[in-house]
Structure formats: structure tokens, C-alpha cells
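**Q** What follows is a protein structure lacking sequence information:
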């Protein structure tokens, strides 16, 4: 029973970190609503495959898209690769990576949003995305289950 309690405490800690991440993303998404719209040019658009080997010599392939764009504010050139806040959460889904790569082609002109107070902060899309809601709901649900298990079994 003691190992079960330790496992629940570790899971609870991980869930608290996930909740913190969700709150951080909510704050950044809200702040970005005040950002300025501006034109940018795609300079790089790829999908990379990353192969991870486990201890039993089985390979797992993860995909990561990377879209880089440049924009000019007051004669200063900036570069960024942030698609939206929380975009790193999508990167393990190969079909999403391929969609992003097809959507953003090198030399395409796009509209971005940048922070007037700190122009090097920018995103292609602002606002909430489906993956954020899925992760937030799952985090809250799992946290509730962990608390219930802790109270019920401990």
C-alpha cells in the first residue's frame, strides 16, 4: 500500500505541473489578444522525425514540425517559430505535423501577431486550440481521479 501512496503522490505532483502549464498558457493566450497583426514571410517549413530507442531495442518515432518566419518591425528583423501557444503539444502527432507543413510553405506571406512591448514575441495564430481543451480537460479529470483514489484507498 505504501508504494501505491508514493505513486499517487508522484502523479499528483505531475498533475499539478500540468495544471500550472495550462494556467500559464491561458494567461499567454489572453495577453496575445492585445497583440498587433503584421505580415511575415515563411523561411523554413519541415517535418522532422525523431526516433527514440528504448532499453529493449524497440524504436518509437515521433514527429516534430518546425515553421520559422521572419518579420520586420521598425527596421528590425525578427524571427520566430511559434505557431501558437502550446504548439509543442501537437508535435507528436504526425498527421498534424504534415498538415502544418502543407499549410505553411517557404516564401509564403502570412499574417502573424506580435507583442508591441516585446516585438520578438509572436504567434501565427492566437486564441485557444482544440488540443488545449483536450489536455486541460484530461488534466482536471485525472487530477480528480487521483484525489479520489488517494482518499478512497489511503
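**A** That came in fine, so what should we check first? Keep in mind it's a predicted model, so treat the numbers as computed, not measured.
**Q** Now do the helices in the protein.
**A** With DSSP state H as the criterion, the chain has helices at 2-32, 94-103, 130-153.
**Q** mean pLDDT lowest for which of those helices?
**A** Of all the helices of the chain, helix 94-103 carries the lowest average pLDDT, namely a mean of 73.
**Q** Okay, buried residues for that one please.
**A** Within helix 94-103, the residues that qualify as buried by neighbour count (16 or more other C-beta atoms under 10 Å) are 96-97, 100-101. No exception for glycine: its C-beta is placed from N, CA and C like everyone else's.
**Q** repeat for stretch 57-72
**A** Residues of stretch 57-72 classed as buried by neighbour count (16+ other C-beta under 10 Å): 63, 65, 67-69, 71.
**Q** In strands only, show me those.
**A** Per DSSP state E, strands hold the following members of the buried residues of stretch 57-72: 63, 65, 67-69, 71.
**Q** what about residue 24, distance to residue 132?
**A** 11 Å (C-beta to C-beta, to the nearest Å).
**Q** Save the buried residues of stretch 57-72 as TSV, and put in pLDDT too.
**A** Listed next are the buried residues of stretch 57-72 as TSV, based on pLDDT from 0 to 100:
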residue	pLDDT
63	74
65	81
67	89
68	94
69	96
71	98
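**Q** Among those residues, find me the one that's closest to residue 81.
**A** For the buried residues of stretch 57-72, the residue nearest residue 81 by C-beta to C-beta is residue 68; the value is 4.6 Å.
**Q** if I pick the spatially most central residue of the chain, what's in contact with it?
**A** Per C-alpha atoms, centre = their mean, the C-alpha nearest to the average position across the chain is that of residue 86, at 2.4 Å. By C-beta atoms under 8 Å, 6 or more residues apart in numbering, residue 86 lies in contact with 25, 129, 131-132, 135.
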